[in-house]
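Asker: Build me a structure from this.
(2 chains)
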Number of protein chains: 2
Amino acid sequence: MPDLTPLLVPGERKIVLLVLDGAGDIPVERFGWRTPLEAARTPNLDALAATGVSGRLIPVAPGVTPGSVIGHLALFGYDPESTYIGRGAIDALGIGLELRPGDVVARANLATVRDGVVADRRAGRLDTEIARQLCEKVARTVPSIAGVEVRVIAVRQHRVVVLFRGEGLSPEVTDSDPQREGLPPEPIRPRVPAAEKMAAVADEFRRRAAEVLGANGAPANYLLLRGFEKRPNLPPFSERYGLRAAAIAVYPTYRGIARACGMDVLGDPSTVQEAFELYRRHHDEYDFFFIHYKETDSAGEDGDFDRKRRAIEELDAALPLLRARMPDVLAVTADHSTPVAMRAHSWHPVPLLVVSPFTGRDGTTRFTEAECARGGLGLGRSVELMPLLLAHACRLRKYGA
Amino acid sequence: MPDLTPLLVPGERKIVLLVLDGAGDIPVERFGWRTPLEAARTPNLDALAATGVSGRLIPVAPGVTPGSVIGHLALFGYDPESTYIGRGAIDALGIGLELRPGDVVARANLATVRDGVVADRRAGRLDTEIARQLCEKVARTVPSIAGVEVRVIAVRQHRVVVLFRGEGLSPEVTDSDPQREGLPPEPIRPRVPAAEKMAAVADEFRRRAAEVLGANGAPANYLLLRGFEKRPNLPPFSERYGLRAAAIAVYPTYRGIARACGMDVLGDPSTVQEAFELYRRHHDEYDFFFIHYKETDSAGEDGDFDRKRRAIEELDAALPLLRARMPDVLAVTADHSTPVAMRAHSWHPVPLLVVSPFTGRDGTTRFTEAECARGGLGLGRSVELMPLLLAHACRLRKYGA
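Answerer: Now for the predicted structure:
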């Protein structure tokens, strides 16, 4: 792929990338050799399919099953083999925490430690509201250590983010989370000499958080820290593509990924209808909209064929809201497959549909795995999608003499 | 392709890779616009095709015709552009010769030299048994040179392997084989200073072998040496994929390639039935089986359409032996095409069929070039096959956050 930056030209055309998380599936006998996309009644997607062209995307590489973050980064055009962002930074960004240069974040679990060993890494997946109260208590008692500001924020259930803000911090330290139950929490140690200060602060935090939580008598009596990292350093959409980009997502993880790519996160929708309404309201302010739909993936992870089918039908039923303010370029795809029969992410290629004045038509009339497999766009990689969308938006000049 | 090593997880699922050597073909008018795979009656392959998904593999790169070794290395997941193994090492491994670190092997031809020039590089493709007697005679007369052990082993007809075992040997020497008839054999010279000992030993061997063979009065009066090399240094399947791997092949070359990849070579089958029986007998001992079928390639090289069709039908007729102990993941493909109309290897993509619980179906019902071209796996590269098979065997964890 040539560097696109010198090819970028300004433009007025709007791009919408609608990601149906985990929508791709495989047909198995148990469900009549049909996939949820095939079984669903989708008049609006069908109409879009008939006016655009389809194809398939391999998320990372053949046989490689992507995590949610890497699957989206690939769709956003960041090379999934050389781009790494950990979940700590994504979670922090997802809950709206501003990450500054020099900050170090870690993921943490509220856990149960008994007789010196980890008895439950998730403290019974405790209620988010209780977790929030525990985190506030730790934060009040340990607001800073040796001049380093410490913030402790509950994300969801047992999942917590800890932010360290101060001079001379390095993420090159070991985890306290032993990753297995039955083992004792580990002291946090520097991996390199430059991380001695960070290790001392983090280990002191580990001890003091245990004191505060232990005094509480609750099952969640420990914070296990892991995955220390700095603010991700991705070139933002504005620089990389010359696009004012916005994200519309219900779930924090996808807001976090979008923020890491320099997108503005719009509103706080709780349904796909609200998401499409947000798009319409902000249509004139941005060039690119990433709209995330989670329900297809959740149903796949739960192995619930009917729920996945219904999630697709609900998305389809809301599509008129989007079509009422049809973008110049619309792409519908998935970050990865989550086959119902596998109850997990998979490596299978995902369907892709692109509608723009320059797609022509390819004779496909549905947005399904099999129909997209015979579509005009053929079989590509997720990382190739953004250049294609920029081209359809007339935002790439001719390459070479 | 990301490095798979950190993604590997242990598993119980069995993988069989069945390679129909040179099976791919092109339809030409002379044979009614059909390929041997299309003309053959293949009820068992058809049944497999109906339950799996198909596609095509480009062996190395568009337009690049692979040799047998590189075609297989690509199927085994070794990058064909950066992996090199010469035929000398493959032949040596193929006949079961143990290669130790520091050994140097060369290929040699029993040739006829007359009036100081090479009159026949293959000495009339002499009988293997006669070649064996001549090699033994040379080996007895020249067991070592300057403390370097020399072994001379007939492979087949005029083809011989010479092994040099001793201290301080380098393969960086020139060939004595001028590669053309009508030219004199050349002295063996060092290419680098560190190869002076090797050159002196090999050139002394060249002279003494000529004395021994010349005294014999037979047409095969010279050993032309070429392609000096060391033991190949490929990461074995166990390390690269965490697989206990076995190879079942009638011909030495394919046993040699498999040994170079760290596979155990099972038994000494002479038919495809015996090959499948060997697989069944050793099913529980290995995770991965490479089964090689040569007859399709030989018939293609001879330009014999009917023999190639019959070879496919014979393979098909034996398939129930394999299906009686169906592996969790079965891949059927070829290392390259050998079109009957070309009487040679070619660059054309090869058909691929994969059957596993996670393939779904793609509506294709035959294992032919045209049917696989519309299959759900699309058009990939041979080197991408192993990651796909590992994924289907549930041996790759999720990549990235």
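Asker: All the helices of the stretch 251-400 of chain A, in order from the start?
Answerer: Here the stretch 251-400 of chain A has its helices, by DSSP state H, counting those that start in this stretch, at A:252-260, A:272-282, A:295-301, A:305-323, A:369-373, A:385-392.
Asker: So which residues on the stretch 301-401 of chain A come close to chain B?
Answerer: Counting by CB under 8 Å from any CB of the partner chain, the stretch 301-401 of chain A comes close to chain B at A:339, A:341-342, A:344-349, A:369-370, A:373-374, A:378-379. The way it works is simple: take the backbone N, C-alpha and C, and place the C-beta from them, glycine included.
Asker: can you pick the most crowded of those residues?
Answerer: A:H348 (28 neighbours; other CB atoms under 10 Å in any protein chain shown).
Asker: and that residue, what is it in contact with?
Answerer: A:G24, A:D25, A:I26, A:S337, A:P339, A:E369, B:F358 (CB atoms under 8 Å, 6 or more residues apart in numbering or on different chains).
Asker: Looking at those residues, which two lie furthest apart in space?
Answerer: Using CB to CB, those reach their maximum pairwise distance at A:E369 and B:F358, which is 13.2 Å.
Asker: Roughly how far does A:A317 sit from B:Y279?
Answerer: Plainly put, A:A317 is 52 Å away from B:Y279 if you go by CB to CB, to the nearest Å.
Asker: When the two are compared, which one has more neighbours?
Answerer: Between A:A317 and B:Y279, counted using other CB under 10 Å, the more crowded position is B:Y279 (24 against 15).
Asker: and the more buried one, what does it touch?
Answerer: By CB under 8 Å, 6+ apart, B:Y279 lies in contact with B:V16, B:I248, B:L266, B:F289, B:I291, B:L322, B:R325.
Asker: Once you drop chain neighbours, what's closest to the residue nearest in space to the middle of chain A?
Answerer: Residue closest to the average C-alpha location in chain A (CA atoms, centre = their mean): A:Y254, at 3.6 Å. Leaving aside its chain neighbours, A:Y254 sits nearest to A:H292 (4.3 Å; criterion: CB to CB, 6 or more residues apart in numbering or on different chains).
Asker: related to what we said a few turns ago, now do the contacts for the residue nearest to the centre of chain A.
Answerer: A:D21, A:S68, A:H72, A:G94, A:A247, A:H292, A:K294.
Asker: can you tell me which of those are in helices?
Answerer: A:S68, A:H72, A:G94 (DSSP state H).
Asker: wait, which of the residues you listed is closest to chain B?
Answerer: Each of the ones in helices among the contacts of A:Y254 was checked against chain B using CB to the nearest CB; the closest is A:S68, at 7.4 Å.
Asker: how close does the residue in the stretch 201-350 of chain A that chain B sits nearest to sit to B:V104?
Answerer: At 4.7 Å from chain B, A:W347 is the closest residue in the stretch 201-350 of chain A, using CB to the nearest CB. Going from A:W347 to B:V104 by CB to CB gives 42 Å.
Asker: Name whatever forms a beta bridge with the residue of the stretch 301-401 of chain A found nearest chain B.
Answerer: Here the residue of the stretch 301-401 of chain A nearest chain B is A:L379; by CB to the nearest CB that distance is 3.8 Å. Beta bridges link A:L379 to A:R56 when assigned by DSSP bridges.
Asker: show me the contacts for the residue nearest to A:V142 when sequence neighbours are not counted.
Answerer: Leaving aside its chain neighbours, A:V142 sits nearest to A:R208 (4.8 Å; criterion: CB to CB, 6+ apart). Counting by CB under 8 Å, 6+ apart, A:R208 touches A:V138, A:T141, A:V142, A:I145.
Asker: got the phi/psi numbers for the second one?
Answerer: Right, A:T141. Per-residue torsions, A:T141: phi -80, psi -30 (degrees, to the nearest 10).
Asker: I'd like to know how many residues surround the spatially closest residue to it that is not a sequence neighbour.
Answerer: Of all residues not flanking A:T141 in the chain, A:V212 sits nearest, at 4.8 Å (CB to CB, 6+ apart). Applying other CB under 10 Å, we find 18 residues neighbouring A:V212.
Asker: sorry, back to before: would CSV of the helices of the stretch 251-400 of chain A with mean pLDDT be doable?
Answerer: Formatted as CSV, the helices of the stretch 251-400 of chain A follow (pLDDT from 0 to 100):
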stretch, mean pLDDT
helix A:252-260, 94
helix A:272-282, 98
helix A:295-301, 96
helix A:305-323, 98
helix A:369-373, 97
helix A:385-392, 98
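Asker: most tightly surrounded among these?
Answerer: Among the helices of the stretch 251-400 of chain A, helix A:252-260 has the highest mean neighbour count (mean count of other CB atoms under 10 Å in any protein chain shown), at a mean of 25.
Asker: so where's the stretch 151-300 of chain A shaky on pLDDT?
Answerer: Low-confidence regions of the stretch 151-300 of chain A, defined here as pLDDT under 70, do not occur.
Asker: Run a quick check on A:G242 versus A:P6, I expect a contact.
Answerer: No: the criterion here is CB atoms under 8 Å, and A:G242 misses it with A:P6 at 11.3 Å.
Asker: Between those two, which has more neighbouring residues?
Answerer: A:G242 (17 against 8).
Asker: excluding its backbone neighbours, what's nearest the more buried one?
Answerer: Per CB to CB, 6+ apart, closest to A:G242 is A:L8, 4.5 Å.
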